[in-house]
Structure formats: C-alpha cells, structure tokens
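Trainee: Next come a sequence and a model predicted from it.
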Amino acid sequence: MSQNAGAPARTVGDTPKGGSVLGFYAPKGTPRPPRVARAEGVFLWDTDGRRYLDATSGAVVTNIGHANPRVLSAMAAQANKVTFAYPRFFESDDSIQLADRVCALAGDGFDRAFFVSGGSEANESALKLARQYAVVTGQGSRFKVIARDPSYHGSTLGALAVTGDAGTLALYGPMLRTMPKVPAPMSYRLPEGQTAESHAMACADALEATIQREGPQTVLAFIMEPIGGLSAGAAVAPPAYFRRVREICDRHGVLLIYDEIMSGAGRTGAFLAAHHWAGARPDLVTLAKGLAAGYTPLGALLVPDHIVDAVAASGGFVHGHTYFTNPLSCAVANAVIDEVVSQRLIERAATMGELLMKGLRGIADRSPIVGDVRGKGLLTAIEIVADKATKRQLPVAFNAPAKLSVHGLNHGIALYNRRANGGAFGDFQMITPPLTIREGELGELLLLLERSLSDLQAEIENNGLARF
Ligand SMILES: Cc1ncc(COP(=O)(O)O)c(C=O)c1O
C-alpha cells in the first residue's frame, strides 16, 4: 500500500481564468500536482497533509534544506531595513560582503562578482561580458561561443543559442543565431570501440577541430557544464578531458566558461566543481540555484579582475537588470553562505555523496531497470533502461522519468525531472537531495526510491515494454 495513495481530484483547466501554471504545459483535464502547504528540512507537505521527501532539492536548488530559521530571520531583518535600492545609485553592505565571500570561496582568478536573478541571466551576463571584453581588447572578430551537445544553459534566447537541445532549437532556432556545438563526453552509451576516456578525448579533439573550422579569430568562448546537469544526467568526464579543453582554449585565445549553475555552491563536495581538476580552471564561472538555495532568486557571474577592468575602462558593462544585486537577495544569500560554512555542508556533500552513491549502486544491483549510477558528491543520477545487458532505452514516448515521479509522489518522495532533448540521450533521474540530509533521511530516500522503481518496473511489464 503506497504511503500517499488517493490523488487529488483537481485537474488542469478546471477554473475559468487564472488557475494553475501547469495550464501552460499540460492539456486540460490532466491531474494537477500536489499543492504545497509548507516545507521544513528535507520534507514538503501538501495541503492535504501528505509528506514528501525532497530527493532532488526541487530543481537542484534547496541545498540547505527548507525553512532554515537563521536564513528566515536574516530575510525578515533585511526586509525591515531595505528591500530594494538600485545598485548603480546605492551600494549595500550585503552586496559587497556577498561579492567578497563568493570570490573568496571560488578562489584564485575569481576577483569580481556580478549578481543577477537566476541561471539564465547569469549565462547571458557571461556571454555579453566575454563579447564586450573581446571588443575592447581589439578582438572584435570574436563572437562565436562553442557549446556542447547535449547541454542546458537556460531558457532565455541567448542562453538557448548555446544550449545543445535539438528539439528546442528546432522551435526557437529561427529567432536566434545558433552557435556551433561539439559532443559532450557522455559516459554510459559510448560509440563503438571507445572507452569513456578515449571518447572524452575525442570530444575534446572535436572542440579543437571546430575552432579550426569556424576560424580561431571568430571564436569568443567555449561554455560547458563541468558535470552534466539535466541534459546529461550527472555525467562526469575524466580529469584529462578538463586539462585538454583548457589547453585548447589557451592555444586559440578562447575564453573558457564553466556553467556551474547546478554543480556550484558546494553540491559536488567543492565550492566549484572546477576545484576537482587541477590545471583546468575556467576564465568565467556562473552560479545560481544552491547559491541562495531557494530562499531568493539569485545568480552570479564570477570573473577575473583584468576582464572587468578592461570593460570598465572602456565605459562600463553594457548590460544590467532591474533586480541585479538587490539588497534583499544579497542579504539572504549571505545568510545561506553562513549556513553552508558553519554546517560544513561542502564537506558533507562529499561524505553523504559517497553514502548516496553506495545506496544507489545497491539499488542498481537489485533493480532490472537501473542501468547506470553516476555523479559526484550530491549531484548524482540514475539511468532507467529496458535492458541492462544491451543498455536499450525504453520508448521515448513512454517518458519513464515522468512516470517514476508519479510513483514517487504516491510513495512520499518528490523526484523532479525535466526532459532535455526529448529524452534522446537517455532516461535520467537526478538524485540530488539537500546537502543537509541526515543518514536516516538518506536511508528513507533510498527505500522510497526503490519502491517507486518497483512500481515503474511493474508498469513497464504491464505495458509489454520489457520482460524481467
Ligand atoms: C546548468 C544550468 N544552466 C542554466 C540553467 C538555467 O537557470 P535558470 O532556470 O535559473 O534560469 C539551469 C537550470 O536548470 C542549469 O541547470
């Protein structure tokens, strides 16, 4: 008997106006998701009193768990002082302190921070700052930003231009200048005769070949997620790949941008995933999600002083947003960082990540539909397959991760997923709990996940899609 049996009767389109935002995504009549009433620690409760374990930190956001009392009181204290002041007219103590702290945590080469409202805005800022830097340093011919396929860098048009998602680009591509793509080093299904290492090096070589083909003097930057996010399901490349990419970018004067919107802020057991690979430091880094951990919308761009100096000396960055560097978000993010540091959450991400990985491998040993387990720290994913021996995927139209989420809700576990590339690169489910998760809660996560997977397995069999 599932813990949360008895779905609510609400459906999409059941109000004449307004109503659920799901009306933009699902046809009328589709059952609506649970309505959240409150959240605390690693749990959320809906308005019917059902409890859900937050196994993915929402969209990999709530790194310090929900309802942290110190962050909430810092939020209220700041709201009582000042919520908004435009940063080009008033600076604020908290924005300066936040920049100092984030740059210190990011380490050498990251001297300046630019704060925005989320991940897409952070990537837009990175692309535009890189372009302006090239122009003011006499390299105006450089404008192409090479990216990887698959990848996800956000949903605004600029971020989309560098996103590796053929389906989305087929829709919006005519509205923008799509940028060149090179293969991302996936680790599970490999080209014939390749190992994960040789494939990753071939992917790095494809970067160099693409720079040559496009004309090195036209290439501005290379942007990549150091650990795969939603589009690559926590795929981790071997260290040699990161070094090779750095060498190639240096050889051709191409700026290297790490999109650490999902992997940054401590989730992988280091403040930046970039810290895991010596000799592979990027030039620019973007952060969001865990940086303010869902307590306020916030993204950041971290850059070396010489880039900011050159742009400022030429008249200043031709870019900004109404809510950038707003005092309330900066104060809240400072309080989140206090928690990350005082609770030693970066170190916890590493140790709890090992326990999680062990538990997930155990599930993969027992479950006929879990073909792969991968990731680093608490940025992990499982891959669902029809046949482990051949790595055969389930039919894309079946949408196994979405089905798993429905079973998860019935068992009291919230499993966020969002399909990139129409599922063409595999059926991943991210497993990314808050960094605050305790051992007992991790055990519960694994138990509820395994029950949800068993239900999915039964559904696969009932639909005649595989026999186990
Ligand atoms: C790697 C990566 N980059 C960029 C984004 C876009 O961030 P946002 O949704 O905050 O605009 C995301 C969001 O999932 C992401 O995972």
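Mentor: Cool, got the structure. Numbering: from 1, shown residues only.

Trainee: Who are the packing partners of the helix or strand bottoming out on mean pLDDT in the chain?
Mentor: Of all helical and strand segments in the chain, the minimum by mean pLDDT, DSSP states H and E falls on helix 166-172, at a mean of 94. With contacts defined as 3 or more CB pairs under 8 Å, 6 or more residues apart in numbering; DSSP states H and E, helix 166-172 has these neighbours: helix 157-161. The C-beta positions use only the backbone N, C-alpha and C, and glycine is treated the same way.

Trainee: Please name the nearest non-neighbouring residue to the closest residue to the ligand within the stretch 301-450 of the chain.
Mentor: At 7.6 Å from the ligand, residue 418 is the closest residue in the stretch 301-450 of the chain, using CB to the nearest ligand atom. Using CB to CB, 6 or more residues apart in numbering and skipping residues adjacent in sequence, the residue nearest residue 418 is residue 230, 5.5 Å away.

Trainee: what does residue 282 give?
Mentor: residue 258 (4.0 Å).

Trainee: Surely residue 258 is within a strand?
Mentor: Yes - secondary structure of residue 258 (DSSP: H, G, I helix; E, B strand; the rest coil): part of a strand.

Trainee: and it, how many neighbours?
Mentor: 27 (other CB atoms under 10 Å).

Trainee: What of residue 447?
Mentor: The burial count for residue 447: 15, using other CB under 10 Å.

Trainee: Only the buried residues of the host helix or strand of it, if you could.
Mentor: Taking DSSP states H and E as the criterion, the element that holds residue 447 is helix 439-462. For helix 439-462, burial by neighbour count (16 or more other CB atoms under 10 Å) applies to 441-442, 444-446, 448-453, 455-457, 459-460.

Trainee: That helix packs against which elements?
Mentor: strand 51-54, helix 345-366, helix 400-411, strand 413-414.

Trainee: What sits closest to residue 345 if chain neighbours are left out?
Mentor: Going by CB to CB, 6+ apart, residue 345 has residue 435 as its nearest residue, at 4.1 Å.

Trainee: actually residue 353, sorry about that
Mentor: Residue 353 sits nearest to residue 377 (CB to CB, 6+ apart), 3.9 Å away.

Trainee: Dihedrals phi and psi, the one residue in the chain that gets nearest to the ligand?
Mentor: Closest approach between the chain and the ligand, counting by CB to the nearest ligand atom: residue 119, at 2.1 Å. Here is the backbone geometry of residue 119 (degrees, to the nearest 10): phi -70, psi -50.

Trainee: Could you give the number of residues near it?
Mentor: 30.

Trainee: isn't it right up against residue 290?
Mentor: No - using CB atoms under 8 Å, residue 119 is not in contact with residue 290, being 10.8 Å away.

Trainee: any chance you could map the strands in the stretch 201-350 of the chain?
Mentor: For the stretch 201-350 of the chain, the strands defined by DSSP state E, counting those that start in this stretch cover 219-224, 255-259, 284-287, 299-303.

Trainee: ok, residues contacting the first one?
Mentor: Applying CB atoms under 8 Å, 6 or more residues apart in numbering, the set of residues contacting strand 219-224 from outside is 123, 126-127, 130-131, 134, 142-148, 151, 153, 162, 184, 207, 211, 245, 248-249, 252, 254-259, 284.

Trainee: How about that strand and the ligand, touching?
Mentor: No - for strand 219-224, no contact with the ligand is found by CB under 6 Å from any ligand atom; the gap never falls below 9.4 Å.

Trainee: Each with direction, which strands does that strand pair with?
Mentor: strand 144-149 (parallel), strand 255-259 (parallel) (DSSP bridges).

Trainee: swap in the shortest one?
Mentor: Strands that pair with strand 284-287, judged by DSSP bridges, come out as strand 255-259 (parallel), strand 299-303 (antiparallel).

Trainee: Need the contact partners of the last one.
Mentor: Counting by CB under 8 Å, 6+ apart, the neighbours of strand 299-303 from elsewhere in the structure are 102-103, 106, 110-122, 125-126, 129, 261, 283-288, 291.

Trainee: Give the closest residue to residue 150 in space, chain neighbours not counted.
Mentor: residue 231 (4.1 Å).

Trainee: and that neighbour, how many neighbours?
Mentor: 24.

Trainee: was I right about it contacting residue 151?
Mentor: Yes - between residue 231 and residue 151 there is a contact at 5.4 Å, judged by CB under 8 Å.

Trainee: Pull up the overlap in contacts between these two.
Mentor: Joint contacts of residue 231 and residue 151 (CB under 8 Å, 6+ apart) are 163, 164, 165, 184, 225.

Trainee: Quick check: the gap between the nearest residue to the first one once chain neighbours are set aside and residue 466.
Mentor: Meaning residue 163. Distances taken as CB to CB, 6+ apart place residue 153 nearest to residue 163, at 4.9 Å, with adjacent residues excluded. For residue 153, the distance to residue 466 equals 34 Å [CB to CB, to the nearest Å].

Trainee: likewise residue 120?
Mentor: Residue 120 is 37 Å from residue 466, by CB to CB.

Trainee: more crowded one of these two?
Mentor: Taking other CB under 10 Å, residue 120 and residue 466 do not tie; residue 120 has more neighbours (22 against 15).

Trainee: Test my guess that the more buried one contacts residue 155.
Mentor: Yes - if you go by CB under 8 Å, residue 120 and residue 155 touch, sitting 5.6 Å apart.
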